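Q: Sequence and predicted structure below; questions after.
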Amino acid sequence: MGTVVDAANKEANGSSHINKKVKVVFVLGGPGSGKGTQCANIVKHFGYSHLSAGDLLRAERDSGSENGTMIKNMIKKGEIVPSEVTIKLLQRAMEEDGNDKFLIDGFPRNEENRAAFESVTGIEPEFVLFFDCPEEEMEKRVLNRNQNRDDDNIETIRKRFEVYMGSTLPIIEYYNSKGKVHKIDASKTIDQVFEAVKEVFSSYEDKVAA
Ligand SMILES: Nc1ncnc2c1ncn2[C@@H]1O[C@H](COP(=O)(O)OP(=O)(O)OP(=O)(O)O)[C@@H](O)[C@H]1O
Ligand SMILES: Nc1ccn([C@@H]2O[C@H](COP(=O)(O)O)[C@@H](O)[C@H]2O)c(=O)n1
Ligand SMILES: [Mg+2]
């Protein structure tokens, strides 16, 4: 089920190589739905590496790179950074990590992310984990998060919700139409949500092993 990344395809797109067979699960859901929290649990129980697109962009912003100011401004406004930048960060992280199975958290966020990732890397996700949570609950969680993020304020949160509804939900719908989405009720407690997540990964592993 893994994808052999097509080096020629990537060369044609001018991007770096991922010279290994990788399995990818996209983890999607609104701001504060619990993606990062649950990815940490999945890493411990199922041996995946966790790549958060947001974390990679924040690290790039803080590294003094030439894209730093652009990334800073876009995160502050809750906008989606051009795919080229984010995909390079994801590719580099997968290449540098010895693992061959990855949770990609918060990506693809829009159609440009989705189509560019597929054409540049040739990778199709094994499945998509979708954390479904009411906006009111997500807003409460983000405002109480205390991680010093400069997009965790009410003004930026409103914009992030707009982007989520307008640009990310259609991507989830796209994968749903391909039968790839596992929807999780993310409004429950962290432990209850993880019970549901465990079922998804356990049955996937059983299927792959069969
Ligand atoms: N099921 C839950 N119930 C209550 N609080 C939760 C739950 N899951 C996560 N949280 C808390 O909500 C906040 C947001 O969670 P987390 O950072 O995992 O969300 P996220 O989906 O990664 O958000 P973002 O897209 O903004 O990065 C954190 O403070 C976390 O501890
Ligand atoms: N594919 C992505 C993912 C994230 N961003 C930017 O980062 C912000 C924070 O993302 P989180 O997943 O950590 O919430 C997000 O609002 C975007 O500005 C992006 O551009 N592309
Ligand atoms: Mg997160």
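A: Sure thing, it's come through. Ligands and ions are numbered 1, 2, ... in the order given.

Q: average pLDDT for the longest helix seen in the chain?
A: When the chain is parsed with DSSP state H, its longest helix is helix 190-209. The average pLDDT within helix 190-209 is 97.

Q: who touches the residue nearest to the spatial centre of the chain in this structure?
A: With distances taken as CA atoms, centre = their mean, the residue of the chain nearest its centroid is residue 105 (2.3 Å). Residue 105 makes contact with 27, 35-36, 39, 50-54, according to CB atoms under 8 Å, 6 or more residues apart in numbering. For every residue, glycine as well, the C-beta is placed using N, CA and C.

Q: Any figure for the gap between it and residue 168?
A: For residue 105, the distance to residue 168 equals 13 Å [CB to CB, to the nearest Å].

Q: Tell me, how many residues neighbour the closest residue to residue 113 other than its chain neighbours?
A: Leaving aside its sequence neighbours, residue 113 sits nearest to residue 83 (CB to CB, 6 or more residues apart in numbering; 5.0 Å). Here the count is done by other CB atoms under 10 Å, and residue 83 has 21 residues near it.

Q: Residue 165 now?
A: Residue 165 has 12 nearby residues by other CB under 10 Å.

Q: start the count at 246, not 1, going forward
A: Right, with 246 as the first residue, what we last looked at is residue 410.

Q: For the strand ranked longest in the chain, what does the pLDDT average out to?
A: In the chain, with assignment by DSSP state E, the single longest strand is strand 266-274. Across strand 266-274, the average pLDDT comes to 97.

Q: That one near ligand 2 anywhere?
A: No - using CB under 6 Å from any ligand atom, strand 266-274 stays clear of ligand 2, coming no nearer than 9.5 Å.

Q: Distance from the chain centre to that strand, please.
A: Centroid displacement of strand 266-274 relative to its chain, using CA atoms, centre = their mean, to the nearest Å, is 7 Å.

Q: same check, this time on stretch 362-374
A: 11 Å.

Q: end to end, how far does it reach?
A: Distance across stretch 362-374, first residue to last, is 17 Å (CA to CA, to the nearest Å).

Q: Low-confidence stretches in the chain?
A: 246-262 (pLDDT under 70).

Q: got the residues of it near ligand 1?
A: Checking the chain against ligand 1 by CB under 6 Å from any ligand atom, the hits are 274, 276-282, 299, 351, 386-387, 390, 434-435, 438.

Q: Quick check: the residue nearest to residue 358 touching residue 366?
A: No - if you go by CB atoms under 8 Å, residue 328 and residue 366 don't touch, sitting 11.2 Å apart.

Q: Spit out the contact partners of the closest residue to residue 344 other than its chain neighbours.
A: Leaving out its chain neighbours, the residue that sits closest to residue 344 by CB to CB, 6+ apart is residue 294, at 4.2 Å. By CB under 8 Å, 6+ apart, residue 294 lies in contact with 288, 342, 344, 346-348.

Q: Please identify the residues of the chain in proximity to ligand 2?
A: 276, 297-299, 302, 319-320, 323-326, 331, 351-352, 354, 358, 396, 405.

Q: where exactly do the strands run in this protein?
A: Going by DSSP E, the chain shows strands at 248-249, 266-274, 294-297, 346-350, 372-377, 426-430.

Q: got a markdown table for those strands, with distance to residue 308 too?
A: Below are the strands of the chain laid out as a markdown table (distance: least, CB to CB, whole Å):
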| stretch | distance to residue 308 |
| --- | --- |
| strand 248-249 | 29 |
| strand 266-274 | 24 |
| strand 294-297 | 16 |
| strand 346-350 | 20 |
| strand 372-377 | 29 |
| strand 426-430 | 33 |
